[in-house]
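Engineer: I need the structure of the sequence given here:
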Amino acid sequence: MTITLYAWGTPNGRKVSVALEEMELPYTVKAIDITQDEQFQPDFLAISPNNKIPAIVDSDGPDGGMISVFESGAILLYLGEKTGKFLPKSLRDRVPVLEWLMWQMGGFGPMPGQVHHFAALASEDDKRYGLKRFSTETRRLYAVLNARLSKTEYVAGELSVADFAILGWAWRHERHKVDLADYPHVKRWYDTLFERPGVRRGFEVKLD
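Structural biologist: Down below sits the predicted model:
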C-alpha cells in the first residue's frame with residue numbers, strides 16, 4: 001500500500017515530500033502540471049476541490065479504507081496522526097506545533113508568494129508598490145522566525161511538521177530577496193534541517 005502524492009515542484013509540494021521521506025512512508029508522485037492548468041481537471045478536482053496542489057490519496061487510510069486529503073497543512077497533520085511522528089501526543093506539546101503551522105499557512109507562504117508574483121512582473125511601475133509592501137512583510141516574518149529560533153532548536157521545541165511546512169517556503173529565500181545571513185538563527189535551523197537525509201530526499205524527489 002502506498003500514498004499517491006499529487007504535486008508540483010513548489011514550496012507547498014515540498015512540504016509534503018519532505019514529511020513523507022522523514023516519516024519513511026512509501027509513496028508515488030503524480031505530477032500535476034500547474035503551468036498547463038492540470039489542477040483544473042475534473043479528476044483532480046475530485047480530490048482537491050480548491051484546485052490547488054498538493055493533495056494525497058492514501059489507500060490505507062483510517063480503518064483500512066481509502067482517503068484523500070487536500071491542503072498542505074491538513075496533509076501534514078494527517079500524516080503526523082497516521083504515523084505518530086513529528087506531532088506530539090500531549091495537547092500542551094502539540095499547541096506550539098499547531099501555532100507555528102498556522103503561522104506558516106497564514107503568513108509565511110502567502111506573503112513570500114506575493115514577492116514571487118511581483119518580482120516576476122516585467123513592468124517596473126507594476127512591481128514597485130507590490131514588492132515594497134510584500135517584501136517588508138516577508139522580512140518581518142523572517143525576523144519573527146529568527147526570534148523564535150533564538151530560543152529553541154526547532155520552531156515548536158522538538159522537530160515537527162511545523163518545521164517541514166516552514167522549510168518549504170524558507171527554501172525559496174533567494175526568490176524572497178532574503179539573505180539568511182541576516183537571520184542567523186534561521187540559517188542555523190535551515191542548515192541543520194538540510195543535513196537530514198530525509199529532508200534532502202524530500203527536496204530531491206522529482207515532483208514535476
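
Engineer: Determine the longest helix present in this protein.
Structural biologist: If you go by DSSP state H, the chain has its longest helix at helix 124-149.

Engineer: pLDDT on it, on average?
Structural biologist: Across helix 124-149, the average pLDDT comes to 91.

Engineer: mind listing what's buried in that helix?
Structural biologist: Neighbour counts over helix 124-149 (16 or more other CB atoms under 10 Å) mark 131, 134-135, 137-139, 141-142, 145-146, 148-149 as buried. Where C-beta positions appear, they are placed from N, C-alpha and C, glycine not excepted.

Engineer: Closest one to residue 196 out of these, please.
Structural biologist: Closest approach between these and residue 196, by CB to CB: residue 149, at 16.1 Å.

Engineer: wait, is residue 68 part of a strand?
Structural biologist: Yes: membership of residue 68 in a strand is supported by DSSP: H, G, I helix; E, B strand; the rest coil.

Engineer: and the angle for the worst-scoring helix or strand of the chain on mean pLDDT with helix 124-149?
Structural biologist: The helix or strand of the chain with the lowest confidence, counting by mean pLDDT, DSSP states H and E, is helix 110-119 at a mean of 88. Here helix 110-119 points in a direction 150 degrees away from that of helix 124-149 (axes from the mean of the first three to the mean of the last three CA atoms, to 10 degrees).

Engineer: name the helices or strands packed onto helix 110-119?
Structural biologist: Under the contact criterion of 3 or more CB pairs under 8 Å, 6 or more residues apart in numbering; DSSP states H and E, the helices and strands touching helix 110-119 comprise helix 124-149.

Engineer: Might you quantify the distance of the helix it packs on from its chain's geometric centre?
Structural biologist: 18 Å (CA atoms, centre = their mean, to the nearest Å).

Engineer: send the alpha carbons of the least confident helix or strand of the chain over as PDB?
Structural biologist: In PDB, the C-alpha atoms belonging to helix 110-119 read as follows (Å, rounded to 0.1, in the frame of the first residue of the first chain):
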ATOM      1  CA  PRO A 110       1.100  34.000   1.300                       C
ATOM      2  CA  MET A 111       3.400  36.900   1.800                       C
ATOM      3  CA  PRO A 112       6.600  35.500   0.200                       C
ATOM      4  CA  GLY A 113       4.300  34.200  -2.600                       C
ATOM      5  CA  GLN A 114       3.300  37.700  -3.400                       C
ATOM      6  CA  VAL A 115       7.000  38.600  -3.600                       C
ATOM      7  CA  HIS A 116       7.400  35.900  -6.200                       C
ATOM      8  CA  HIS A 117       4.500  37.300  -8.100                       C
ATOM      9  CA  PHE A 118       5.600  40.900  -8.200                       C
ATOM     10  CA  ALA A 119       9.300  40.200  -8.700                       C
END
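
Engineer: For that helix, give me every contacting residue.
Structural biologist: 126-127, 130-131, 133-135, 137-138, 141, 169, 172, 175-177 (CB atoms under 8 Å, 6 or more residues apart in numbering).

Engineer: nearest to residue 88, of these?
Structural biologist: residue 169 (22.5 Å).

Engineer: pLDDT at the closest one, what is it?
Structural biologist: 96.

Engineer: show me where pLDDT drops low in the protein?
Structural biologist: For the chain, the stretches with pLDDT under 70 are 1.
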